[in-house]
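Asks: pasting a predicted model and its sequence here:
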Amino acid sequence: MKSTSLLSFALLLLALISPHSHSKSITIGIENINYYPLYAYDETADAFTGYVPELFDTFGQAYGYRVTYIALPINRLYKMFYGGEIDAKFPDSDLWNVDSRKDYSISYSSSIIELQEVMFVQQKDKELRLSDFNRLGIVRGMTPWKLFPVIESGQVSVLEANSPESLLEMVFKGRVQGVVMDRNVGQFLLLQMDRTISLNINTKLLESEGGSYHLSSINDPDLIADFNEYLITHAHHVLKLQARYGINASN
């Protein structure tokens with residue numbers, strides 16, 4: 001009986017000192033848009049679906065984090081992130097809103113998703129060159145950093161919309177010439193929309209490689225360190241999750 005008690009005590013002590021035995025609540029702010037299969041916010045259910053929230057959920061279960069999500073418009077998401085009202089932000093990149101980041105020490109995770117960013121256009125603009133491109137649609141608050149030079153020069157004007165679906169409709173109706181979007185997301189959304197809406201991909205307007213999405217935190221670098229470790233130690237599960245959602249994530 002005594003040896004059994006000692007064994008139980010030893011197992012309990014081991015659990016208590018395990019590096020991932022803690023239980024900590026964290027709040028991750030995510031853009032409240034439909035960017036499925038990567039992530040999508042269902043306002044009715046007040047819940048996120050898609051590859052990214054499921055990835056965060058499995059990470060939390062493995063590393064002892066109780067993850068809560070808060071859906072926010074992009075501009076408010078930045079405000080709450082910089083104000084320390086949320087523990088982490090997704091998506092994020094050190095290439096976005098560079099000037100606003102200068103006063104903060106931000107930790108970024110390894111790449112979660114390597115985006116396949118393309119320009120969706122009408123059929124007639126499939127071969128359009130950048131020199132003839134002048135109207136871009138973006139989700140309100142997003143940073144079209146790849147086209148920043150031509151926007152700053154005044155060559156390209158920007159029209160904002162609240163959702164990716166609205167942007168695709170704007171391209172179809174000719175209000176803008178194109179919209180930059182992840183290939184998987186754009187193709188998925190077009191399948192869900194009015195079947196009369198048909199768009200093409202222009203390969204001439206974006207010369208650079210696709211960007212990447214990261215998890216970021218100002219106040220909790222340990223969270224980012226744990227998540228980076230998870231991406232390595234659970235790489236097999238991450239690959240299976242990517243395959244299930246039909247996406248190419250971090251390489």
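Replies: Done, it's in. For clarity, every value in this text was computed on a predicted model and none was experimentally measured. Residues are numbered from 1 along each chain as shown.
Asks: can you count the residues close to Asp194?
Replies: For Asp194, the tally of surrounding residues (other Cβ atoms under 10 Å) stands at 10. All C-beta spots, glycine's among them, are computed from the backbone N, C-alpha and C.
Asks: meant to ask about Ile86
Replies: 22.
Asks: just give the nearest non-adjacent residue to it, would you?
Replies: Spatial nearest neighbour of Ile86, chain neighbours left out: Gly29 (4.1 Å); criterion: Cβ to Cβ, 6 or more residues apart in numbering.
Asks: quick one: that neighbour and Asp92 touch, right?
Replies: No. Using Cβ atoms under 8 Å, Gly29 is not in contact with Asp92, being 9.8 Å away.
Asks: what is the least confident helix or strand in this protein?
Replies: One helix or strand of the chain scores below all others by mean pLDDT, DSSP states H and E: helix 2-17, with a mean of 47.
Asks: report how many residues lie close to Gln192.
Replies: Gln192 is flanked by 9 other residues according to other Cβ under 10 Å.
Asks: now do the helices in the stretch 101-250 of the chain.
Replies: Listed in chain order, the helices of the stretch 101-250 of the chain (DSSP state H, counting those that start in this stretch) span 148-152, 164-172, 183-192, 221-233, 235-245.
Asks: from Ile247, how far out is Tyr213?
Replies: Distance from Tyr213 to Ile247, counting by Cβ to Cβ, to the nearest Å: 11 Å.
Asks: so what sits against both of those two?
Replies: Residues touching both Tyr213 and Ile247 (Cβ atoms under 8 Å, 6 or more residues apart in numbering) are 38, 113.
Asks: give me the contacts around stretch 31-49.
Replies: By Cβ under 8 Å, 6+ apart, the list of residues contacting stretch 31-49 reads 30, 50-53, 69, 71-74, 77, 90-91, 113, 139, 162-165, 182, 184-185, 188-189, 213, 245-247.
Asks: buried set for it?
Replies: Residues of stretch 31-49 classed as buried: 31-41, 48-49 (neighbour count, 16 or more other Cβ atoms under 10 Å).
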